[in-house]
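A.B. asks: Sequence first, then the predicted structure:
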Amino acid sequence: MNQIFSHTLTDTAIQRRAQVFTILEEICQELEWTQTQFEKARTSYEAVADWLAGSSDPMLASLHVYLHGSGALGTSIKPIGRDEFDVDLISFILGLGPEIAPARLKAAIGQRLREHAYYASILEEKKRCWRLNYAGDFHLDISPTIANPNCMNGGELVPDRKLRDWHATNPRAYRALFDERAALVPRMTQSIIASQRDAATTEPFPVRQSVKGILRRTVQLLKRHRDLEFLHVQEEIAPISIIITTLAMRSYEMCVRRHVFADELEVLIDTIRLMPVFIERPLVNGRQIYAVWNETTNGENFAERWNEEPARVEAFYKWHSKALADFESLRDLVGLDAIVGSMKDSLGDKLVARTMNRRMDALNEGRKTGALVLGAGVGLTTQQSAASTPVPKNEFFGD
Amino acid sequence: MAGSTTRNPLTLPQQYLFLQKSKTVAGEGVLGPRRLEWHFHAQPTPLSRTYQVTLVLERDGTPDVRVVDPALRLLAGERDLPHIYHDPDRLCLYLPGTGQWDASKRLDLTIIPWTHLWLIYFEEWLVSDDWKGGGKHPGEDDPNEGNRALRRSLQRQR
């Protein structure tokens, strides 16, 4: 009995960690755009692109509108307490040089949008871009860019925050790099063991596959963790998404290239752990600064503001330690209540409750249809195996 | 036993043998002339704790299922446990008198899977405060309330 039991425990730990990752995966799905929302946003931004392309302003004669930011990377999440997604668009204007004033180009885009009665009615001016508010659904942020003649990597220039100067950026190459890294598949020891145990392996309930890869999920979970952590912080010090994304993708690449992992959860945790390695401290004009470089162009430091606002540095490191500790504790906790309780604390009560309700609904559905079985070593599942027994219908009774 | 008139009741040795041969849940027990005791570990999902459970069936009786460890009351804190017979605490796994369980039903195919089911709802209840497993409470809008078999079972259980 004892021997069997300790063997079961090892298998159980593997399955428990796999299940924790599955729930995290489901939480991410809960956080994402639905297909309907996605289609709606796409239709809208394609229409805006067409409208901008039809401008008679010679300055806008040749332009290319494309999606960037989290929507392009596949890392969007719903903001807390709002249903509206951010959709970031670049309006890349060809044939203009950096001699054009950023404010003038931005004004030309605004003018074209105002020529459309509906766009004019939902238009809002932001510091560096124009926003179209599709109330209740999403908002489109449209930033103008021009080609960067000094970038060998096809980079662009975007107005800086004061609209005085041009600022190096490279959304298309950034996306390509992110996609390339997200496509890296970690080597796992457990999957080898699992295939050897094949006959005895029944997947615990319910069965889901990771569809987006671990890097995208890592970024989504970290952004959500950040949103919750800074929900009641008044100052603007929360780590910005591009920093989280950049550090995570670099860390993920290093982890995946160098290590073999027990499972997905370990990849997630190690990726988080090593993120700070990619915060650089170069000496610039005799001063040691913070830098999180955009690897796809020269001179874009995502952490630029850390050097003027040290509170951001402290906020990042504090948040990072908390995130690491929270995901590590998920790896080690036992008991559905303990695991779910911890997820609620670190990712949000309602979000996690919604995810768990879906799971319990699926369980009840399995009970109703008779698909639910008790499997050897896995507990309740809907995957039948030789060593499983159906769960007959019952009604609980008593106080 | 009440409510089981249609099929032959299983004897304690038969129940014991089925439990011993179960491929799904390992356990060990003691078989006496009037009483069967079976100890097993129940882990309803890989996320769950492993619960040490004791199942007792006396001749002509109904199964008593107790969670020995960890203590359910400790996990529940101040709250009243859902779907429990009291003094001592035993899990209420089926509606008495309905034939969901009677002496002709194998423990390994009914009571044991239901114990797992109860525990999954219990752990979820711990965190949500909402029992999602359904079921009935005594005296609650119950279609079988007038049923003599149910009343007799109830008297025995409580």
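C.D. replies: Here it is on my side, so go on.

A.B. asks: contacts and neighbour counts: CA atoms only from here.
C.D. replies: Noted.

A.B. asks: Now do the strands in the stretch 1-150 of chain A.
C.D. replies: Secondary structure of the stretch 1-150 of chain A by DSSP state E, counting those that start in this stretch: the strands cover A:63-68, A:85-93, A:123-125, A:130-134, A:138-147.

A.B. asks: Revised request: answer the last question for chain B.
C.D. replies: Ranges of strands in chain B, per DSSP state E, are B:27-31, B:35-42, B:51-58, B:64-69, B:84-85, B:90-91.

A.B. asks: chain center to stretch A:346-358: distance?
C.D. replies: Its chain's average C-alpha position is 17 Å from that of stretch A:346-358, according to C-alpha atoms, centre = their mean, to the nearest Å.

A.B. asks: thinking again about what came up before, to chain B, which of the strands of the stretch 1-150 of chain A lies closest?
C.D. replies: strand A:85-93 (28.5 Å; C-alpha to the nearest C-alpha).

A.B. asks: Who are the packing partners of the strand or helix carrying A:Ser342?
C.D. replies: Applying DSSP states H and E as the criterion places A:Ser342 in helix A:336-347. Contacts defined by 3 or more C-alpha pairs under 8 Å, 6 or more residues apart in numbering or on different chains; DSSP states H and E place helix A:336-347 against helix A:214-229, helix A:310-332, helix A:349-369, helix B:111-128.

A.B. asks: least trustworthy helix or strand in chain B by mean pLDDT?
C.D. replies: Across the helices and strands of chain B, mean confidence by mean pLDDT, DSSP states H and E is lowest for helix B:148-157: a mean of 52.

A.B. asks: sorry, back to before: orientation of the helix holding A:Ser342 relative to helix A:214-229 in degrees?
C.D. replies: 70 degrees (axes from the mean of the first three to the mean of the last three C-alpha atoms, to 10 degrees).

A.B. asks: hmm, who's touching helix A:336-347?
C.D. replies: A:20, A:221, A:224-225, A:228-229, A:323, A:326, A:329-330, A:333, A:349-353, B:47-49, B:120, B:123-127 (C-alpha atoms under 8 Å, 6 or more residues apart in numbering or on different chains).

A.B. asks: Likewise for stretch A:325-335?
C.D. replies: Contacts with stretch A:325-335, where a contact means C-alpha under 8 Å, 6+ apart, come from A:Arg17, A:Val20, A:Leu265, A:Ile269, A:Ile339, A:Ser342, A:Met343, A:Ser346, B:Leu47, B:Ser48, B:Arg49, B:Glu123.

A.B. asks: ok so, going back, just the strands of chain B: most buried one?
C.D. replies: Of all the strands of chain B, strand B:90-91 has the most neighbours on average by mean count of other C-alpha atoms under 10 Å in any protein chain shown, namely a mean of 22.

A.B. asks: sorry, back to before: go through the strands of chain B and name the closest to chain A.
C.D. replies: Counting by C-alpha to the nearest C-alpha, chain A lies closest to strand B:84-85 out of those; the figure is 5.3 Å.

A.B. asks: Any residue of that closest one touching chain A?
C.D. replies: Yes. Strand B:84-85 reaches chain A (C-alpha under 8 Å from any C-alpha of the partner chain) through B:Ile84, B:Tyr85.

A.B. asks: hmm, back to that, any idea which of the strands of chain B scores lowest on pLDDT?
C.D. replies: Between those, the lowest average pLDDT goes to strand B:84-85, which shows a mean of 91.

A.B. asks: and that one, which strands flank it?
C.D. replies: Partners of strand B:84-85 in the sheet, by DSSP bridges, are strand B:90-91 (antiparallel).

A.B. asks: chain center to the partner strand: distance?
C.D. replies: 6 Å.

A.B. asks: likewise stretch B:126-141?
C.D. replies: Centre to centre, stretch against its chain (C-alpha atoms, centre = their mean), the figure for stretch B:126-141 is 16 Å.

A.B. asks: List the buried residues in it.
C.D. replies: Residues of stretch B:126-141 classed as buried by neighbour count (16 or more other C-alpha atoms under 10 Å in any protein chain shown): B:Leu126, B:Val127, B:Ser128, B:Trp131, B:Lys132, B:Gly133, B:Gly135, B:Lys136, B:His137.

A.B. asks: again with stretch A:360-376
C.D. replies: Per 16+ other C-alpha under 10 Å, stretch A:360-376 contains these buried residues: A:Met360, A:Ala362, A:Leu363, A:Asn364, A:Gly366, A:Arg367, A:Ala371, A:Leu372, A:Val373, A:Leu374, A:Gly375, A:Ala376.

A.B. asks: any chance of these in TSV, with distance to A:Pro171 and pLDDT too?
C.D. replies: Shown next, in TSV, are the buried residues of stretch A:360-376 (distance: C-alpha to C-alpha, whole Å; pLDDT from 0 to 100):
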residue	distance to A:Pro171	pLDDT
A:Met360	41	96
A:Ala362	40	93
A:Leu363	43	94
A:Asn364	46	95
A:Gly366	46	94
A:Arg367	49	94
A:Ala371	48	93
A:Leu372	48	94
A:Val373	49	93
A:Leu374	50	94
A:Gly375	49	89
A:Ala376	50	85
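
A.B. asks: just checking: which of those residues also lie near chain B?
C.D. replies: Answer for those near chain B (C-alpha under 8 Å from any C-alpha): A:Met360, A:Asn364, A:Leu374, A:Gly375, A:Ala376.

A.B. asks: my read: the fourth one touches B:Ser22, true?
C.D. replies: No. A:Gly375 is beyond contact range of B:Ser22, at 11.0 Å (criterion: C-alpha atoms under 8 Å).

A.B. asks: how much space between the closest residue to B:Val56 other than its chain neighbours and B:Val65?
C.D. replies: Once flanking residues are discounted, B:Val56 sits nearest to B:Glu37: 4.5 Å by C-alpha to C-alpha, 6 or more residues apart in numbering or on different chains. When distance is defined by C-alpha to C-alpha, to the nearest Å, B:Glu37 is 10 Å away from B:Val65.

A.B. asks: Pull up the overlap in contacts between the two.
C.D. replies: Residues touching both B:Glu37 and B:Val65 (C-alpha under 8 Å, 6+ apart) are B:Thr54, B:Leu55, B:Val56.

A.B. asks: Looking at the residues you listed, which is nearest B:Asp108?
C.D. replies: B:Leu55 (10.5 Å; C-alpha to C-alpha).

A.B. asks: Of the helices and strands packed on helix A:336-347, which is nearest A:Phe261?
C.D. replies: Here helix A:214-229 is closest among those (C-alpha to C-alpha), at 12.4 Å.

A.B. asks: in the stretch 1-150 of chain A, which ranges drop under the pLDDT threshold?
C.D. replies: A:1-10 (pLDDT under 70).

A.B. asks: that older thread, tell me the buried residues within the contacts of helix A:336-347.
C.D. replies: Counted by 16+ other C-alpha under 10 Å, the contacts of helix A:336-347 give A:20, A:221, A:224-225, A:228-229, A:323, A:326, A:330, A:333, A:351-353, B:47-49, B:120, B:123-127 as buried.

A.B. asks: hmm, back to that, mind putting the strands of chain B into JSON lines with distance to B:His116?
C.D. replies: As requested, the strands of chain B are exported to JSON lines (distance: least, C-alpha to C-alpha, whole Å):
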{"stretch": "strand B:27-31", "distance to B:His116": "14"}
{"stretch": "strand B:35-42", "distance to B:His116": "6"}
{"stretch": "strand B:51-58", "distance to B:His116": "9"}
{"stretch": "strand B:64-69", "distance to B:His116": "11"}
{"stretch": "strand B:84-85", "distance to B:His116": "14"}
{"stretch": "strand B:90-91", "distance to B:His116": "11"}
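
A.B. asks: show me where chain A has helices.
C.D. replies: With helices called from DSSP state H, chain A shows them at A:2-31, A:35-53, A:69-73, A:102-114, A:117-122, A:171-182, A:189-196, A:214-229, A:241-258, A:264-274, A:310-332, A:336-347, A:349-369.
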